[in-house]
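Undergrad: what follows is a protein structure lacking sequence information:
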Ligand code: AMP
């Protein structure tokens, strides 16, 4: 793996793709700075090694140059987190930007305007990428969240550099995923939840070759339960995926993977925090009721498997955890993972909703690694190579 340690940074300008796609409130203030903090070690490393950093990122999905998508909104936070005064330019390519980059001295940081103000960014336009490349001597990609996109700044730009590497964050992401996917620390357990089977099928198929246990929870459970002849009431189901669910179970059996489905569910009479609820066997849910969380027996069953695992991957909540009434399954799984981790297991949590759950219940410091990229992580779990990662290798 090409790391930042392989680069000579002294008196050089590092063009760094970061993921500063942070949430802003109506007053255009940053409400969660974790993505900025996640990129800070790489920037500090560049500065400590005698270089300067030119930071480029996208923010949201601008259609034109709308003010709410300007990276100028976050200059204060970036300066504060990095501990240096960050300079800002009102574009990411062009003469004014080139001049600002040329004037940068070692130890200084320049933040460019939103890359997506230019449609060429997402189009992966080569000329645009070349204009970006003019700004730096070396290229560093530290944006895992967009590593699965072949955009100008994440992929295309890399071909214009002799010297390039992953940043510290991206390196850690790759290392953590490889630790899980290629792990010899057995038993390896993958816990998959979330709404739909359809979005996780390729992941399930790919990881069957790599895990000893597969725990399934969340809305996707009911497609499996129904396919096996269970009665699921009004629970979420993808009828056209029933056959596939059976094939997955068959394939798991053939590969010696133990699949664990919930045995009970917290059923509700409506999709609401204030619904009437009851705990029922997962395959005996009446019409008019829907399973919105795993039940207590399932929590215990899953807990027993998780606690004896040495390598754990978690993607997707066990229930509709956004509503307190249906959060118990997700909380329990998070806590069992934390307990296994404290006994030496390696645990990786990824995917927007499981990361949100881990943060909500203050478990982020009790698991080994929390991934910053939902889509990128899923694609790696699907066994795909990511263009942003390949571009650094080639
Ligand atoms: P995903 O993006 O596929 O990981 O799905 C995450 C979403 O799945 C969350 O918003 C959960 O509320 C939802 N979810 C989890 N369990 C269920 C369930 N039993 N029924 C409906 N939605 C669920």
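TA: Perfect, thanks for sending it. These numbers come from a predicted model, not from an experiment. Residues are numbered from 1 along each chain as shown.

Undergrad: going forward, measure contacts and count neighbours with C-alpha atoms only.
TA: OK.

Undergrad: who in the stretch 201-350 of the chain is up against the ligand?
TA: Within the stretch 201-350 of the chain, the residues that sit near the ligand (C-alpha under 6 Å from any ligand atom) are 218-219, 236, 291-293, 316-322.

Undergrad: make CSV out of those residues and add neighbour count, distance to residue 95 and pLDDT.
TA: Listed next are these as CSV, based on neighbours: other C-alpha atoms under 10 Å; distance: C-alpha to C-alpha, whole Å; pLDDT from 0 to 100:
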residue, neighbour count, distance to residue 95, pLDDT
218, 28, 52, 97
219, 27, 52, 96
236, 18, 54, 97
291, 35, 59, 98
292, 28, 56, 98
293, 29, 56, 98
316, 26, 46, 94
317, 32, 48, 95
318, 34, 52, 97
319, 28, 52, 97
320, 24, 51, 97
321, 22, 50, 96
322, 14, 48, 94
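
Undergrad: ok now do the residue in the stretch 1-150 of the chain that the ligand sits nearest to, which residues does it touch?
TA: Proximity of the stretch 1-150 of the chain to the ligand (C-alpha to the nearest ligand atom) peaks at residue 145, 15.4 Å away. With contact set as C-alpha atoms under 8 Å, 6 or more residues apart in numbering, residue 145 has these partners: 19, 372, 373, 374, 375, 376.

Undergrad: surely the second one is in contact with residue 349?
TA: Read it as residue 372. No - counting by C-alpha atoms under 8 Å, residue 372 sits too far from residue 349 to count as a contact (9.3 Å).

Undergrad: quick one on the thing from earlier: same list (the residues of the stretch 201-350 of the chain next to the ligand) but as TSV, adding secondary structure and distance to residue 251.
TA: Formatted as TSV, these follow (DSSP: H, G, I helix; E, B strand; the rest coil; distance: C-alpha to C-alpha, whole Å):
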residue	secondary structure	distance to residue 251
218	coil	21
219	coil	21
236	coil	24
291	strand	26
292	strand	27
293	strand	26
316	coil	22
317	coil	24
318	coil	23
319	coil	25
320	coil	28
321	coil	30
322	coil	33
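
Undergrad: what about residue 308, neighbour count?
TA: Per other C-alpha atoms under 10 Å, the neighbour tally for residue 308 reads 18.

Undergrad: and which of the contacts of residue 145 is nearest to the ligand?
TA: Here the nearest of the contacts of residue 145 to the ligand, counting by C-alpha to the nearest ligand atom, is residue 374; it sits at 9.3 Å.

Undergrad: what about the closest one, distance to residue 28?
TA: To residue 28, residue 374 is 24 Å away according to C-alpha to C-alpha, to the nearest Å.

Undergrad: the two: who's more crowded?
TA: Neighbour totals were compared for residue 374 and residue 28, and residue 374 leads with 19 against 15 (other C-alpha under 10 Å).

Undergrad: got a pLDDT number for the more buried one?
TA: You'll see residue 374 listed with a pLDDT of 82.

Undergrad: list the contacts for it?
TA: 145, 350, 351, 352.

Undergrad: so which of those residues are in helices?
TA: The members of the contacts of residue 374 that map onto helices under DSSP state H are residue 352.

Undergrad: pLDDT added to the contacts of residue 374, as CSV?
TA: What follows is the contacts of residue 374, written out as CSV (pLDDT from 0 to 100):
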residue, pLDDT
145, 91
350, 90
351, 81
352, 72
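
Undergrad: neighbour count: residue 372 and residue 349, which is higher?
TA: Neighbours around residue 372 and residue 349, counted as other C-alpha under 10 Å, are more numerous at residue 349. The numbers are 28 against 23.

Undergrad: my guess is the more buried one contacts residue 357. True?
TA: No - Residue 349 is not in contact with residue 357 according to C-alpha under 8 Å; the separation is 10.0 Å.

Undergrad: which neighbours do these two share?
TA: By C-alpha under 8 Å, 6+ apart, no residue touches both residue 349 and residue 357.

Undergrad: what sits against residue 258?
TA: Contact analysis of residue 258 by C-alpha under 8 Å, 6+ apart lists 212, 213, 214, 252.

Undergrad: and the gap between the second one and residue 314?
TA: Distance, residue 213 to residue 314, using C-alpha to C-alpha: 12 Å.

Undergrad: what of residue 190?
TA: For residue 190, the distance to residue 314 - C-alpha to C-alpha - is 6 Å.

Undergrad: these two: who's more crowded?
TA: When residue 190 and residue 314 are compared for neighbours, residue 190 comes out ahead with 26 against 22, by other C-alpha under 10 Å.
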